[in-house]
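# give me a 3D structure for the following:
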Amino acid sequence: MPIFEFQCKECGEVFEELVFGNNYGDIKCKRCKSLQVQKIMSQVAFKSGGKFVSASSSACGSCSSGACSSCK
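As a prediction, this is how the structure comes out:
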């Protein structure tokens, strides 16, 4: 059961919600209780070699390819 990030169209609040299946219809804003929410893209992180690595960054941070001698 994944945790998704949502943003309220009424007040702009961004919040996380544990979603069972594809049941997005009854998710309410945590602040104003509006049902006018949209699922937004969240940043993903993976654990690699004992440390967390952002999906948008290279493995070592010293290069953009993630394949230099420092990364290995």
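
# what residues are up against the residue nearest to C32 when sequence neighbours are not counted?
The spatially closest residue to C32, leaving aside those adjacent along the chain, is C11, at 4.6 Å (C-beta to C-beta, 6 or more residues apart in numbering). Just so you know, the C-beta spots here come from the backbone N, C-alpha and C atoms, and that holds for glycine as well. Contacts here follow C-beta atoms under 8 Å, 6 or more residues apart in numbering; on that basis C11 touches 29, 31-32, 34.

# L18 bridge partners, please.
Residues in a beta bridge with L18, per DSSP bridges, are I3.

# please renumber the chain so that the first residue is 540 from this point on.
That works, and once the first residue is 540, the last one we named lands at L557.

# check the gap between it and I542 for me.
Applying C-beta to C-beta, to the nearest Å, the value for L557 to I542 is 5 Å.

# now F554
F554 is 10 Å from I542, by C-beta to C-beta.

# ok, those two, which is more surrounded?
Using other C-beta atoms under 10 Å, the more surrounded residue of F554 and I542 is F554, with 15 against 9.

# just checking, that one touches E544?
Yes. Assessed by C-beta atoms under 8 Å, F554 is found in contact with E544 at 7.4 Å.

# show the pLDDT at the closest residue to E549 other than its chain neighbours.
By the measure of C-beta to C-beta, 6+ apart, the closest residue to E549 outside its immediate chain neighbours is S573, 4.1 Å from it. Note on S573: pLDDT of 96.
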